[in-house]
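**Q** Provided below for reference: sequence and predicted model.
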Amino acid sequence: MLVIGFPTGALQANCFVLATGEGEPCVIIDPGQDAVEPIEQALRKHRLAPVAVLLTHGHFDHTFSVAPVCDGNDIPAYIHPDDVEMLADPLKGVSRESAAFFGGNLEMREPSEVRSLDDGLDLDLAGLKITVDHTPGHTGGSVMFRSGAQEGGRLVISGDTLFAGSIGRTDLPGGDHSRMLSSLQSKVLTLPDDTVVLPGHGPTTTIGRERATNPYLVGLDAPAAPHRGL
């Protein structure tokens, strides 16, 4: 699997491009602020053809470039229905302080085609099998994307649900700490330790490392249930 990642915008949100290899179709995940040019550079360098944009949640630092990327390549955007309103109203999901920072005005629009993500949905895009896990807490429509690498490895794009050493904040509009804890228990801690985590901000990590060292996960027991991993 080819994985290209780079931080975007003032808040350094990670954007990812996934493909089975060079010269193949690809999916783009979380095209944030100032993401159009680096995405185009990655597509040219690796000879990739985008087929869809996937959004882990609706916050503008992860979605700001979704309309130009989607409409410029004639591809759909996928987002959970609970966060779709933020595509046209990006200040809906931010704090008063953040809104004031942008002068109370941050203009975005929905791309031409928007499709819904639901919990447990299995997507077959660009030759990749991707499973959607609804993980409300950071926002009501937060999701993670699970996929299996050709080498047999496991990958999860966690958005702002899980970071290296931390988790997403739950004090913004739409955030809910109790739902976040439930998501961590049922959707994160049930993943195998060797699962590689590509978070919405910061460096790559693994589920095993976070299970052992992340202060928000240590002592948070996973439910007794069969393993759900790929």
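**A** The structure has been received and is ready for your questions.
**Q** need phi/psi at residue 79.
**A** Backbone torsions of residue 79, given as degrees, to the nearest 10, read phi -150, psi 150.
**Q** that one reaches residue 87, doesn't it?
**A** Yes: when contacts are counted by CB atoms under 8 Å, residue 79 is listed as touching residue 87 (6.9 Å). Glycine gets a C-beta too; all of them are placed from N, C-alpha and C.
**Q** what touches both of these two?
**A** Both residue 79 and residue 87 are contacted by 58, 63, 114, under the criterion CB atoms under 8 Å, 6 or more residues apart in numbering.
**Q** phi and psi next, for the last one.
**A** Read that as residue 114. phi -120, psi 130.
**Q** and for the first one?
**A** Torsion angles at residue 58 (phi, psi; degrees, to the nearest 10) stand at phi -90, psi 0.
**Q** which secondary structure element of the protein has the lowest mean pLDDT?
**A** Using mean pLDDT, DSSP states H and E, the weakest-scoring helix or strand in the chain turns out to be helix 96-101, at a mean of 63.
**Q** for residue 79 and residue 87, indicate the residue with more neighbours.
**A** residue 79 (28 against 22; other CB atoms under 10 Å).
**Q** OK, contacts around the more buried one?
**A** Counting by CB under 8 Å, 6+ apart, residue 79 has contacts 55, 57, 58, 63, 87, 114, 115, 116, 117, 141.
**Q** now the longest helix seen in the chain: mean pLDDT?
**A** Taking DSSP state H as the criterion, the chain has its longest helix at helix 36-46. What helix 36-46 shows for mean pLDDT is 98.
**Q** swap in stretch 128-145?
**A** Mean pLDDT, stretch 128-145: 97.
**Q** look up phi and psi at the residue nearest to residue 213 when sequence neighbours are not counted.
**A** Spatial nearest neighbour of residue 213, chain neighbours left out: residue 165 (6.9 Å); criterion: CB to CB, 6 or more residues apart in numbering. With angles defined as degrees, to the nearest 10, residue 165 sits at phi 80, psi 0.
**Q** report how many residues lie close to residue 165.
**A** When neighbours are counted by other CB under 10 Å, residue 165 comes out with 16.
**Q** give the buried residues for the helix or strand just after the least confident helix or strand of the chain.
**A** On the C-terminal side of helix 96-101, the nearest following helix or strand under DSSP states H and E is strand 114-116. The neighbour-count check on strand 114-116 (16 or more other CB atoms under 10 Å) flags residue 114 as buried.
**Q** other SSEs contacting strand 114-116?
**A** strand 77-79 (3 or more CB pairs under 8 Å, 6 or more residues apart in numbering; DSSP states H and E).
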